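S.K.: Let's see this in three dimensions:
(one chain, ligands or ions: 1)
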Amino acid sequence: MGVEIRVEGLTKAFGSQTIWQDVSLTIPSGEISVLLGPSGTGKSVFLKSLVGLLKPNRGHIWIGDRDLPYLSEGQLYETRKLFGVLFQDGALFGSMNLFDNIAFPLREHTKKSESEIKRIVMEKMDLVGLVGAEGKLPGEISGGMKKRAGLARALVLDPEILLIDEPDSGLDPVRTSFLNQVFVDLNAQINATFLIVTHDINTARTLPDNIGLLFRRELVMFGPREMLLSSEEPVVRQFLNASKIGPIGMSEEKDISELEAEANMGLEAGKLPPIPPQQMPSNGLIRPTQHAPGAWCAAHGVTPPPGSFIDELGRNWVEEWPRYVASMSAVAGQHAGPPPGPGPQGPGPQAGPPMGGPQGGRPQPPGARY
Ligand SMILES: Nc1ncnc2c1ncn2[C@@H]1O[C@H](COP(=O)(O)OP(=O)(O)OP(=O)(O)O)[C@@H](O)[C@H]1O
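M.R.: Model (predicted):
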């Protein structure tokens with residue numbers, strides 16, 4: 001079910017500029033995690049470090065029993081095959097049509113026949129809703145199509161880990177929503193661990209199982225979506241509320257006098273809005289790796305900060321869980337497959353507590369049009 005990434009004490013600096021230091025977290029296998037942070041806090045640098053494109057100054061990136069920064073060139077080359085990476089602009093070759101762009105990793109890294117390559121490329125193009133656009137050049141398609149083509153290319157080697165850098169950049173909110181649906185549907189279908197960097201608050205609130213936030217050269221918090229969406233930590237609140245009030249300033253952090261002035265005026269980022277339901281696969285089935293709020297903390301020995309999981313409406317997302325699972329299981333049973341059993345993170349399936357059921361109906365391929 002994808003591969004877990006265990007990061008320990010990771011530090012990256014360019015010359016005298018420390019980007020982040022002592023970052024430790026476990027990105028759970030098979031789940032969707034989102035990394036947030038103000039511009040310039042080093043989210044892209046983090047993704048590039050995970051895939052071995054940048055070498056950290058200190059620390060470890062464990063992928064199974066391989067510690068990525070200390071691998072030989074040959075071992076790194078092999079380990080990179082576990083990764084699919086979707087860069088911001090899709091990073092397509094401008095002179096190649098979409099078919100050849102998507103086929104590129106297969107031709108570079110495998111000895112597959114052209115007919116087998118064609119089968120795989122068309123399968124991935126279908127997954128992202130691009131069938132019919134094989135002959136188009138990157139310059140002839142929209143930003144959203146470029147991202148989907150980049151995603152198809154990231155998928156051709158059947159990655160265990162998908163790293164996705166700002167998929168929403170340059171997309172309108174509706175296309176962003178469709179693309180998020182593609183991610184959820186893909187995550188339900190393939191065995192891969194997803195890590196997505198985004199600035200889109202709606203994406204952060206509804207898409208992931210887990211959220212992490214980088215600020216002041218540190219990982220402020222990483223944990224289940226519901227824990228951060230009910231957090232009282234000022235920087236988490238400010239970011240998820242998209243508020244001017246709080247420690248994050250225009251360039252990066254506010255100085256003490258600005259923070260004192262805000263406190264004196266009684267300004268605060270405000271409470272976070274109620275926790276919304278998590279985005280479901282479009283066929284209504286529960287993803288096997290969607291987890292119970294709180295189970296992650298138990299599995300990782302983390303004591304949630306006070307007030308965690310209790311949202312603005314006073315709902316305790318841990319207590320609501322069993323009721324929700326029961327209602328979801330009943331609906332999921334009408335679709336297909338057995339209800340998910342205990343996963344690596346805890347006892348169960350799922351999406352959000354009881355407010356609005358799954359988007360049931362006819363199963364659809366994830367290649368939604370957008
Ligand atoms: N190869 C490099 N050499 C020197 N500095 C770099 C390099 N790559 C990134 N940086 C610096 O690292 C810092 C973090 O950059 P990064 O692109 O990771 O930020 P980010 O959080 O992804 O920002 P944004 O949200 O705006 O995309 C920036 O100050 C950037 O200039």
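S.K.: burial count for the nearest residue to G135 once chain neighbours are set aside?
M.R.: Counting by C-beta to C-beta, 6 or more residues apart in numbering, G135 lies nearest to N97, which is 5.1 Å off, once chain neighbours are set aside. All C-beta atoms are positioned from the backbone trio N, CA, C, and that covers glycine. Burial of N97, expressed as a neighbour count using other C-beta atoms under 10 Å, amounts to 18.
S.K.: Next: G139.
M.R.: Using other C-beta under 10 Å: G139 sits among 9 other residues.
S.K.: wait, A188 sits on P281?
M.R.: Yes: in this structure, A188 is within contact of P281 by C-beta atoms under 8 Å, at 4.2 Å.
S.K.: sorry, back to before: now do the same contact list for the residue nearest to G135.
M.R.: Contacts of N97 were listed using C-beta atoms under 8 Å, 6 or more residues apart in numbering, and they are 134-137.
S.K.: Can you list which of those are found in helices?
M.R.: Counting by DSSP state H, the contacts of N97 place none of their members in helices.
S.K.: Buried by neighbour count, from those: which ones?
M.R.: By neighbour count, with 16 or more other C-beta atoms under 10 Å, the contacts of N97 hold 134, 136 as buried.
S.K.: residues touching I27, list them.
M.R.: 4-7, 33, 193, 195, 210.
S.K.: Restrict those residues to the buried ones and give me that as a PyMOL selection.
M.R.: To isolate the buried members of those in PyMOL, using 16+ other C-beta under 10 Å:
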select buried, resi 4+5+7+33+193+195+210
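S.K.: The contacts of I27 into TSV, with extra columns for distance to the ligand and pLDDT?
M.R.: Listed next are these as TSV, based on distance: C-beta to the nearest ligand atom, whole Å; pLDDT from 0 to 100:
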residue	distance to the ligand	pLDDT
E4	23	93
I5	17	95
R6	21	95
V7	15	96
S33	16	96
T193	20	95
L195	13	97
N210	18	94
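S.K.: Return the member of the contacts of I27 nearest to G59.
M.R.: The shortest gap between G59 and any of the contacts of I27 belongs to V7, at 7.1 Å (C-beta to C-beta).
S.K.: domain parsing for the chain?
M.R.: 5-225, 234-264 (automatic domain parsing).
S.K.: Could you pull up the residues touching A13?
M.R.: Contacts of A13 by C-beta under 8 Å, 6+ apart are 19, 21, 57.
S.K.: hmm, try it at 10 Å
M.R.: 19-21, 56-58, 217 (C-beta atoms under 10 Å, 6 or more residues apart in numbering).
S.K.: if we can go back for a sec, do you know how far the residue nearest to G135 is from D126?
M.R.: 17 Å (C-beta to C-beta, to the nearest Å).
S.K.: burial of I196, as a residue count?
M.R.: 25.
S.K.: The one 4 residues further on too?
M.R.: In terms of burial, D200 registers 21 neighbours under the definition other C-beta under 10 Å.
S.K.: now do P138
M.R.: Counted with other C-beta under 10 Å, P138 comes out at 20.
S.K.: Same check on S169?
M.R.: 15.
S.K.: How far does stretch 187-195 sit from its chain's centre?
M.R.: 10 Å (C-alpha atoms, centre = their mean, to the nearest Å).
S.K.: Any idea how far apart the tips of that stretch sit?
M.R.: 11 Å (C-alpha to C-alpha, to the nearest Å).
S.K.: Flag every buried residue along it.
M.R.: Result for stretch 187-195 [16+ other C-beta under 10 Å]: buried residues 187-188, 190, 192-195.
S.K.: got it, and stretch 203-221?
M.R.: 203-215, 217, 219-221.
S.K.: Check stretch 37-53 too.
M.R.: 37-38, 41-52.
S.K.: Quick check: residues of the stretch 201-350 of the chain near the ligand?
M.R.: Within the stretch 201-350 of the chain, no position is near the ligand by C-beta under 6 Å from any ligand atom.
S.K.: mind redoing it with 8 Å?
M.R.: With C-beta under 8 Å from any ligand atom as the criterion, the stretch 201-350 of the chain meets the ligand at residues L214.
S.K.: what bits of the chain have low per-residue confidence?
M.R.: Applying pLDDT under 70 to the chain flags residues 1, 245-246, 249-270, 322-370.
S.K.: the helices in it, which residues?
M.R.: Going by DSSP H, the chain shows helices at 43-50, 73-80, 98-109, 114-127, 143-155, 173-189, 201-206, 225-228, 234-240, 256-264, 295-300, 321-333.
S.K.: any idea how far W20 lies from T26?
M.R.: 17 Å.
S.K.: which one of these two has more residues nearby?
M.R.: W20 (23 against 17).
S.K.: Please look at that one and K12 and confirm they touch.
M.R.: Yes: with contact defined as C-beta atoms under 10 Å, W20 reaches K12; the gap is 6.1 Å.
S.K.: what touches both of these two?
M.R.: 42, 45-46, 49, 56, 217.
S.K.: Which two of these have the greatest separation?
M.R.: S49 and R217 (14.1 Å).
S.K.: Next one: L36 relative to the ligand, how far apart?
M.R.: Look at L36 and the ligand: by C-beta to the nearest ligand atom, to the nearest Å, they are 9 Å apart.
S.K.: contacting residues for that residue?
M.R.: With C-beta under 10 Å, 6+ apart, L36 has these contacts: 43, 196-201, 203-204, 208, 211-215, 220-221, 228, 236, 239-240.
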